[in-house]
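> Build the 3D model from these lines:
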Amino acid sequence: MSRIVVIGGTGYAGSAIVAEAAGRGHDVTAFSRSAPTEPVTGVTYVQGDATDESALAAVVADADVVVSTLAPRGPLTDSFRDVNRTVARLADAAGARLFVVGGFSSLRPEPGAPRFVEDLTHVPAEIHAEVLAGAALIIEDLPATPDSLSWVFVSPARMFGSFAPGERSGDYRVGDDVSVAPSDGGAISGADYAIGFVDLIEKGDHHRAHVNLAN
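Coordinates of the predicted model:
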């Protein structure tokens, strides 16, 4: 059993990961600005602002695993990267492994090819800044962390989000930084992404790596 802290634990990906980890018997703390609409039995919920380093430090201090599920929008539009760099620094200080929920656009269509984020013509202009900020974590910020920090950046298939929740099948595919999904981007449900995500935590086979999950 691991002590897992999920930053953004009441959001779409965060709540699914919280439920999956708790269901497997892990000691789970969900840190979020908002209270859960459907609390999971046995989970400790802590309300707080992710831009408040002291609040983050308090929940990360005793963690074995820290999961960041934050999104570069809303209150974090301008501070997303700074907050994630703080989370990484605190996880390293605590000796915890760090897992980050990434985005599809940071993946590559084939080995050695440019990442999808390098050509955003397929993405609405109003979310370009959000996509770029999310990809910057794996392109710049995480690789720049000390070697002592074990991190895994976990991208979902293209069609992933509350707009397409899907169903729990128990099946998923895992790849590295090359998308394992079909050319149309594929999909993965929130529940199946969480299954794969917690499997990655439990198996511990990846270190300072970019992986992706798809159905």
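> can we go C-alpha only for contacts and neighbour counts from here?
OK.
> So what's the residue count around Ser148?
12 (other CA atoms under 10 Å).
> Tell me the buried residues in stretch 159-177?
In terms of neighbour count (16 or more other CA atoms under 10 Å), stretch 159-177 has its buried residues at 159-161, 165-166, 174, 176-177.
> And the helices in the chain, which stretches?
12-23, 53-60, 80-94, 128-136, 190-203 (DSSP state H).
> Export those as a markdown table, with columns for mean pLDDT.
Putting the helices of the chain into a markdown table (pLDDT from 0 to 100) gives the following:
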| stretch | mean pLDDT |
| --- | --- |
| helix 12-23 | 98 |
| helix 53-60 | 98 |
| helix 80-94 | 98 |
| helix 128-136 | 95 |
| helix 190-203 | 98 |
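> Minimum distance to Gly42: which of those helices has it?
helix 12-23 (7.1 Å; CA to CA).
> what does the closest one rub up against?
For helix 12-23, the surrounding residues in contact (CA atoms under 8 Å, 6 or more residues apart in numbering) are 6-9, 28-30, 40, 42-43, 69, 101, 161-162, 190-191, 194-195, 197-198.
> Show me which of the residues you listed are buried.
By 16+ other CA under 10 Å, these give 6-9, 28-30, 40, 43, 69, 101, 161, 190-191, 194-195, 197-198 as buried.
> For Val87, see how far away Val43 is.
The gap separating Val43 from Val87 is 20 Å, by CA to CA, to the nearest Å.
> Now stretch 38-52: buried residues?
Buried, per 16+ other CA under 10 Å, within stretch 38-52: 40, 43, 45-51.
> So which of those residues are in strands?
In strands, judged by DSSP state E, the following of the buried residues of stretch 38-52 are found: 45-47.
> Rebuild those residues as TSV, extending it with distance to Asp147 and pLDDT.
As requested, these are exported to TSV (distance: CA to CA, whole Å; pLDDT from 0 to 100):
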residue	distance to Asp147	pLDDT
Tyr45	31	98
Val46	30	98
Gln47	31	98
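> Pick out whichever of those residues sits closest to Asn215.
Tyr45 (29.9 Å).
> For that closest one, give the beta-bridge partners.
Ala30 (DSSP bridges).
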